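**Q** A structural model of the following input is requested.
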Amino acid sequence: MTAAEREADLVVLALDTPGGLDTSMREMIQAILGSPVPVAIYVSPRGARAASAGTYLLYAAHLAAMAPGTNVGAATPVAIGIGGGGDDERGRKPSPRDPAADRSDGPRPDEGAAARDPSRQKAVRDAVAYLQGLADLRGRNAEWARKAVEDADSLPAREALKQGVVDIVAVDLADLLRQADGRSVEAGTSTRVLAVAGASVEAVAANWKERLLAAISNPNLALLLLMAGLYGLLIEFYVPGTGVPGVIGAIALLLGLYGLALLPVTLAGAALLLLGIALMVAEGFAPSFGALGIGGVLAFAAGGVLLLDDVPGFEVSWQVVVPLAVANALAVAAVAALALRARRRPVVSGVESMLGTTVEALEDFERDGWVLAHGERWHARTSAPLRRGGRARITGVDGLLVSVEPCGNDGKGA
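**A** So this is what the prediction gives:
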């Protein structure tokens, strides 16, 4: 809409993606097909890719361009979510730059499984028809479109140009505009001849919401947010009152969970991760001198590695899992050390704290009388006569009655 208002000659979208939401992809394709301004999609910079949903976007563009050293393809639809139970076309709110969730992503061709799974077969056939329809509309290679979906085929830039998958291989944006100059494209209901060689370029950056979604849907950051949220809530539980750790922890936890909800999470990885967190929390509340904590750290590390399905571009890095596991191990060790120190400290409250302490007799008595203990009057029963002012030691407590024995033979203390 902005490009049309500014009467732009061409919109160039730089693309580097391992895939994305099917719903978001279709919305973007509909916007491209209905755009009154020609749209060029440029897979760049070098080393970038237009995998999965990116392949569909490239086919939908009025001009499809790639930089040398880039690739396109692997458009097999893959259902994601915990246990792979998500749908590739339904149920999630789209976002313009979400790089995960209900995806058509990842090289996972399994024709035998597809034949046995009607829902998967349906998704694959729908994807083939959709991509081939775009190929027919733009005059691109429809046969390779079928291979990209059914066989997860991929092509480098030069081969994609040779096979008619893309229109241009350009080293940079200026080269792209030079090669696009003079080409005829159908935009909206009219045919336009591009005159863009040497045209001025106005860059439009992603807004804060798009950058935030792209950031939190990074699996490594989502895992870090999850752990930050957990520790924030634990600190709030252990040291209540300030509210700051709890608020920050709750926000981080919700952002982390939202990020993981956009990713191809496996059931086994999620279960191990939750088990590890539960065991580490249990170690803090019911110290087992390391048994629960060590098991929690191991389960957490295994869950972090297995958390995401085998989809290119969405892997949890060892550089994140290992430091998190080490940090969790140190936290567990600290909790165990504090518990052991607390166990060795003398009791300072309750009935146990009174045993062995010294009391003072408030009157002469041979069997029952009153004594002063911890600044309070207590009914006492002695094993030997006590005189007023004499000192005795508490040997037992029964309700409000304390059993005492004189500290010295004369009842006045040792």
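
**Q** ok, Ala252 - contacts?
**A** 225-226, 228-229, 232 (C-beta atoms under 8 Å, 6 or more residues apart in numbering). C-beta: built from backbone N, CA, C; applies to glycine.

**Q** relative to Ala278, which of these is nearest.
**A** Here the nearest of the contacts of Ala252 to Ala278, counting by C-beta to C-beta, is Leu226; it sits at 13.3 Å.

**Q** the helix or strand containing the closest one packs against which elements?
**A** Leu226 belongs to helix 219-238 when assigned by DSSP states H and E. Contacting helix 219-238 under the criterion 3 or more C-beta pairs under 8 Å, 6 or more residues apart in numbering; DSSP states H and E are the following elements: helix 208-216, helix 244-261, helix 267-285, helix 318-344.

**Q** and the ones you listed as JSON lines, adding distance to Gln30?
**A** Listed next are these as JSON lines, based on distance: least, C-beta to C-beta, whole Å:
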{"stretch": "helix 208-216", "distance to Gln30": "19"}
{"stretch": "helix 244-261", "distance to Gln30": "25"}
{"stretch": "helix 267-285", "distance to Gln30": "33"}
{"stretch": "helix 318-344", "distance to Gln30": "37"}
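
**Q** in this structure, which residue is closest to the centre?
**A** Ala222 (2.5 Å; C-alpha atoms, centre = their mean).

**Q** report pLDDT for that residue.
**A** Looking at Ala222, its pLDDT is 86.

**Q** just Leu372 next, same as before
**A** Looking at Leu372, the pLDDT reads 90.

**Q** wasn't it part of a helix?
**A** No - counting by DSSP: H, G, I helix; E, B strand; the rest coil, Leu372 is not found in a helix; it is strand.

**Q** helix or strand right after the worst-scoring helix or strand of the chain on mean pLDDT?
**A** Ranking every helix and strand in the chain by mean pLDDT, DSSP states H and E puts helix 111-116 at the bottom, with a mean of 48. Once the chain leaves helix 111-116, the next helix or strand it forms, by DSSP H and E, is helix 118-138.

**Q** can you give me the buried ones in that following helix?
**A** 120, 123-124, 126-128, 130-132, 134-135, 138 (16 or more other C-beta atoms under 10 Å).

**Q** domain map for this structure?
**A** 2-193, 264-345, 351-406 (automatic domain parsing).

**Q** for the helix or strand where Val149 lies, packing partners?
**A** Secondary-structure assignment from DSSP H and E places Val149 in helix 142-150. The contact analysis (3+ C-beta pairs under 8 Å, 6+ apart) places helix 142-150 against helix 118-138.

**Q** may I have the helix it packs on exported as CSV, CA atoms only?
**A** Output of helix 118-138 as CSV, limited to C-alpha atoms (Å, rounded to 0.1, in the frame of the first residue of the first chain):
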residue,chain,number,x,y,z
PRO,A,118,-4.2,-39.4,4.3
SER,A,119,-3.8,-36.0,6.0
ARG,A,120,-0.1,-35.8,4.9
GLN,A,121,-1.0,-37.0,1.4
LYS,A,122,-3.7,-34.3,1.3
ALA,A,123,-1.2,-31.6,2.4
VAL,A,124,1.4,-32.6,-0.1
ARG,A,125,-1.0,-32.7,-3.0
ASP,A,126,-2.4,-29.3,-2.0
ALA,A,127,1.1,-27.8,-1.8
VAL,A,128,2.0,-29.2,-5.3
ALA,A,129,-1.2,-27.8,-6.8
TYR,A,130,-0.6,-24.4,-5.2
LEU,A,131,3.0,-24.1,-6.2
GLN,A,132,2.3,-25.3,-9.8
GLY,A,133,-0.5,-22.8,-10.0
LEU,A,134,1.9,-20.0,-9.2
ALA,A,135,4.4,-21.5,-11.7
ASP,A,136,1.8,-21.3,-14.5
LEU,A,137,0.8,-17.8,-13.5
ARG,A,138,4.4,-16.5,-13.7
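
**Q** show me what it is packed up against.
**A** helix 53-60, helix 111-116, helix 142-150.

**Q** now the element after the longest one, going C-ward?
**A** Beyond helix 142-150 in the direction of the C-terminus, DSSP H and E gives the next helix or strand as strand 154-156.

**Q** for that following strand, packing partners?
**A** Short answer (3+ C-beta pairs under 8 Å, 6+ apart): strand 154-156 packs on strand 71-73.

**Q** look up how far Ala195 lies from Ala3.
**A** 16 Å (C-beta to C-beta, to the nearest Å).

**Q** which of those two has more neighbours?
**A** More crowded of Ala3 and Ala195, by other C-beta atoms under 10 Å: Ala3, with 17 against 14.

**Q** sorry, back to before: return the most buried member of the domains of the chain.
**A** domain 2-193 (a mean of 19; mean count of other C-beta atoms under 10 Å).

**Q** next, the angle from the helix holding Val149 to helix 53-60.
**A** Note on geometry: by axes from the mean of the first three to the mean of the last three C-alpha atoms, to 10 degrees, helix 142-150 and helix 53-60 are set 160 degrees apart in direction.

**Q** if we can go back for a sec, from the contacts of Ala252, which is closest to Thr70?
**A** Among the contacts of Ala252, and counting by C-beta to C-beta, the member closest to Thr70 is Leu225, at 30.8 Å.

**Q** any idea how far the closest residue to that closest one other than its chain neighbours lies from Ala250?
**A** The shortest distance from Leu225 to any non-neighbouring residue, by C-beta to C-beta, 6 or more residues apart in numbering, is to Gly256 (3.3 Å). Remark: distance between Gly256 and Ala250 (C-beta to C-beta) = 11 Å.

**Q** so Leu362 is in contact with Val371, correct?
**A** Yes - assessed by C-beta atoms under 8 Å, Leu362 is found in contact with Val371 at 6.1 Å.

**Q** overlap in contacts, the two.
**A** Common neighbours of Leu362 and Val371 (C-beta under 8 Å, 6+ apart) are Arg377.

**Q** who's in contact with Leu226?
**A** 252-253, 256-257, 260.

**Q** and Ala50, which helix or strand is it part of?
**A** Per DSSP H and E: strand 49-51 holds Ala50.

**Q** so how far is that strand off the chain centroid?
**A** 23 Å (C-alpha atoms, centre = their mean, to the nearest Å).

**Q** any idea of the mean pLDDT in it?
**A** On average, strand 49-51 scores 92.
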